[in-house]
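In: Sequence first, predicted model second:
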Amino acid sequence: MAPLPRSPEEHLETYQPELGHGPWNVGLAAHFLRRAVGGGRPGQAAKAVEDGEPAPLLRAVFSPRDAKRRQQEQRWARHGRALALGDRHPWAAGWLMRILADDRAPGMRLTLFWHSHFANAISKVRELSWMEQQQQSFLAYGEGPFLELAKAMLRDPAMLRFLDGDANRRGLPNENLAREFLELFTLGVGPYTETDVQEAARALTGRTVRRGAYHAEPLHHDREKKIVLGKVIQDGDDLAEVCVAHPACPRFLVRQLWQFYVSPSMPEGVEELLAARWREHSLDMTWLLRTMLSSRAFFAPEAVQSLVASPVDFVVSTIRTLGSRPQLSAVENACAAMGQALGEPPGVQGWAGGESWIHTSAWLERTRFAENVAYGRQDFLRDAKKLPAPQGKSSKELLDDLLQRFLPSGLAPARRASLLAQLEAESLHGEQALAKAGYAVLSLPEYHLF
C-alpha cells in the first residue's frame, strides 16, 4: 500500500504512480474522466491505463483551445442562439448536448459549476437569449483569471435582471446584486459589513440592459467615491477588483471548487496552501483545476466515489459510458424530474448538492431513468456494439461485464454476491437477462456516487 500524504504540500503533489504514490488502473482513470469531463468514452479509461501513467490523459484532457475547439464553440453558440428563441426545455437540452460532446477540461462541465455559483433562473430573467449570453460568458471567461469572469457577471444582462441590478439608481440604490456578489460570488459570509454592501450597491448604480445588451447609464450612476473593504472605489469594475483581491476570495472559491471536483472535505492546511498558490497564478481557473485533478489528494481512496452525482452528472456519465446518442429531450426531462432543471436553479444560492440530490422522489426518478436505459426504451442500451452481446452468457458474466463498465472502481464482494443471487433467482436469459442486470447495476447506490 502506498504511503498516505501527510502534509498539505504532499496532498497537492502531482500523482505519480512511478514514485510510489499509488496504482494507476481503470478505476482511477474513470474517476478522473468523470470529474473532469463528465465521464469517459467506451474504452477510454482502459486506453489511458495502457499508457502506463496519468500524465498523457491529463495532457489530452487539458489541451489548450485549438482551431477545432474554437469552431466547435462557435457552432455551440449559434445553436444556443437558435434554441434561445424557444422555451427553456430545448435550450437546456442543447446545453446537455454540449456537455455530452465536450472532451476537454475545464470545458462544459465547469459551466455547470458556474451556473450554480452565479445562479440565475429563466422564470425571472424571462429572456432565454440573455441566459445563453451568460453561458457564453462562462465559456469565454470562466476558464481564465477569475477577475475577468467576476467583472463580466456584473455586466451580465441575465444577472442584472435576476438580482434587480437593472433597477439600481443613484439616490435609490438596490442592494440585491451587491449583497450576493459579496456573500455568494466572491467572499462568503464574514469578511464584509452592511456598510460595505451599501457602498457596493452605490458603485453598481446605473448598470442596466438596453436592447438585450449591457448599458451603463451615466445619469443614474452615483459619481461620489465609495469605500468597500477599506478601499476607495468608483464603479463595478473597481468593486470586482477589490473583492477578488481580498484574501477571503481564493479561499472561498477553492473550498467550493474542491467540493465540486474532488471531495466533500479538504485535508488540513490544503485550503490555505492551494489558495496562496492560486493567487500566485492570478486566480487562473485552468491552473487551479489542473492542479486539483492531478493531485495525490484527488486520486486518494477517500476521494474516489466521495461525491453524490448530480442528476446531470448521473445522466451524462451513463450516456458517455455507453457511447450512445440519446433523445436529448427525454434526457433533459429526466434531469429536471430528478431535481436539476438547467436554467432553473432553486434560488440565488444555486443547488445545494451532496445528499440533497437524494430524496425519495428524486431516487424514484433516478431508478426510472435506469429502467428506461436498461430496457432500451429510449435507445440508450440496446446497441449491441456498445455492450457485450448477452447470448450464451451467464448471469455472473453479464454482471461482471456491466460492473467493469459502470463501476470500474469495484463493488464490495458481499454486495456483488447479493446482487448476483438476485439475478440468478430470476432465471432470465439473453436480452431479458441483460436488461435486468443493467437495471440492477444502474440502480445501485454505489453507481450514484461520483
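Out: Looks like it arrived, so ask away. Numbering: from 1, shown residues only.

In: The closest residue to Gly38 other than its chain neighbours: helix or strand, and which one exactly?
Out: Nearest non-adjacent residue to Gly38, counting by Cβ to Cβ, 6 or more residues apart in numbering: Val316, 4.2 Å away. Heads up, the C-betas are built off the backbone N, CA and C, glycines and all. In this structure, Val316 sits in helix 311-322 according to DSSP states H and E.

In: Equivalent analysis for Ala421, please.
Out: helix 413-426.

In: What is that helix packed up against?
Out: Helix 413-426 is packed against helix 395-406, helix 430-442, with contacts defined by 3 or more Cβ pairs under 8 Å, 6 or more residues apart in numbering; DSSP states H and E.

In: what's the angle between that helix and helix 430-442?
Out: 150 degrees (axes from the mean of the first three to the mean of the last three Cα atoms, to 10 degrees).

In: Go ahead and measure how far helix 413-426 is from the middle of the chain.
Out: 34 Å (Cα atoms, centre = their mean, to the nearest Å).

In: cool, and stretch 280-294?
Out: Distance, stretch centre to chain centre, for stretch 280-294: 16 Å (Cα atoms, centre = their mean).

In: Can you give me the neighbour number for Phe138?
Out: 23 (other Cβ atoms under 10 Å).

In: which phi and psi does it have?
Out: Main-chain torsions, Phe138, degrees, to the nearest 10: phi -60, psi -40.

In: what about it, distance to Trp130?
Out: Note on Phe138: its distance to Trp130, by Cβ to Cβ, to the nearest Å, is 13 Å.

In: How about Val270?
Out: Taking Cβ to Cβ as the measure, Val270 falls 37 Å from Trp130.

In: How about Ala216?
Out: Distance from Ala216 to Trp130, by Cβ to Cβ: 17 Å.

In: Among the two, which residue is more densely surrounded?
Out: More crowded of Ala216 and Trp130, by other Cβ under 10 Å: Trp130, with 22 against 14.

In: ok but that one is inside a helix, no?
Out: Yes - remark: Trp130 belongs to a helix, assigned using DSSP: H, G, I helix; E, B strand; the rest coil.

In: Just the buried residues of stretch 223-233, please?
Out: 226, 228-229, 233 (16 or more other Cβ atoms under 10 Å).

In: what's the farthest-apart pair in these?
Out: Lys226 and Leu229 (10.7 Å; Cβ to Cβ).

In: give me the low-pLDDT residue ranges for the stretch 1-150 of the chain?
Out: 1-4, 67, 76-86 (pLDDT under 70).

In: Spit out the contact partners of Trp429.
Out: For the record, residue 429 is His, not Trp. Pro390 (Cβ atoms under 8 Å, 6 or more residues apart in numbering).

In: ugh, typo on my part, it should be Gly343
Out: Going by Cβ under 8 Å, 6+ apart, the list of residues near Gly343 reads 88, 91-92, 95, 121-122, 128, 131.

In: Nearest to Ser306 among those?
Out: Trp95 (25.9 Å).

In: what about the closest residue to Glu175 other than its chain neighbours, helix or strand, and which?
Out: Nearest residue to Glu175, sequence neighbours excluded (Cβ to Cβ, 6+ apart): Ala201, at 4.4 Å. For Ala201, the element it lies in under DSSP H and E is helix 194-203.

In: And this protein, what are its domain boundaries?
Out: 145-304, 387-448 (automatic domain parsing).

In: right, so the ones you listed: which one is the most enclosed?
Out: Sort those by mean neighbour count, taking mean count of other Cβ atoms under 10 Å, and domain 145-304 sits at the top with a mean of 19.

In: Next, the distance between the ends of that one.
Out: Using Cα to Cα, to the nearest Å, one end of domain 145-304 lies 28 Å from the other.

In: repeat for stretch 422-435
Out: 14 Å.

In: any idea of the mean pLDDT for that stretch?
Out: Here stretch 422-435 scores 85 as its mean pLDDT.

In: separation between Leu163 and Pro173?
Out: Where Pro173 is concerned, Leu163 sits at a distance of 13 Å (Cβ to Cβ).

In: hmm, I was thinking of Trp357
Out: Following Cβ to Cβ, the distance that separates Trp357 from Pro173 is 37 Å.

In: Would you map the strands across this protein?
Out: If you assign secondary structure with DSSP state E, the strands in the chain sit at 207-210, 213-216, 226-228, 231-233.

In: out of those strands, which comes closest to Thr195?
Out: Closest among the strands of the chain, using Cβ to Cβ: strand 226-228, at 8.1 Å.

In: ok, that closest one: who's next to it in the sheet?
Out: strand 231-233 (antiparallel) (DSSP bridges).

In: what residues are up against the residue lying closest to Gly27 once chain neighbours are set aside?
Out: Once flanking residues are discounted, Gly27 sits nearest to Ser409: 3.8 Å by Cβ to Cβ, 6+ apart. With contact set as Cβ under 8 Å, 6+ apart, Ser409 has these partners: 27-28, 30-31, 304-305.

In: Apply 10 Å and report the result again.
Out: The contact partners of Ser409, taken as Cβ atoms under 10 Å, 6 or more residues apart in numbering, are 25-28, 30-31, 34, 301, 304-305, 403, 446, 449.

In: Please produce CSV containing those, extended by distance to Tyr15.
Out: As requested, the contacts of Ser409 are arranged in CSV below (distance: Cβ to Cβ, whole Å):
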residue, distance to Tyr15
Asn25, 12
Val26, 16
Gly27, 14
Leu28, 9
Ala30, 15
His31, 11
Arg34, 16
Pro301, 12
Val304, 12
Gln305, 17
Leu403, 25
Glu446, 23
Leu449, 20
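
In: so which of these would you say is closest to Glu424?
Out: Leu403 (15.2 Å).

In: contacting residues for that closest one?
Out: 409-411, 416, 419-420, 437, 441, 444, 446-447 are the contacts of Leu403 under Cβ under 10 Å, 6+ apart.

In: ok, so of the residues you listed, who is nearest Ile99?
Out: Tyr447 (18.9 Å).

In: From Gly343, how far out is that closest one?
Out: From Tyr447 to Gly343 the distance is 27 Å (Cβ to Cβ).

In: go on, Phe260?
Out: Relative to Gly343, and taking Cβ to Cβ, Phe260 is found at 19 Å.
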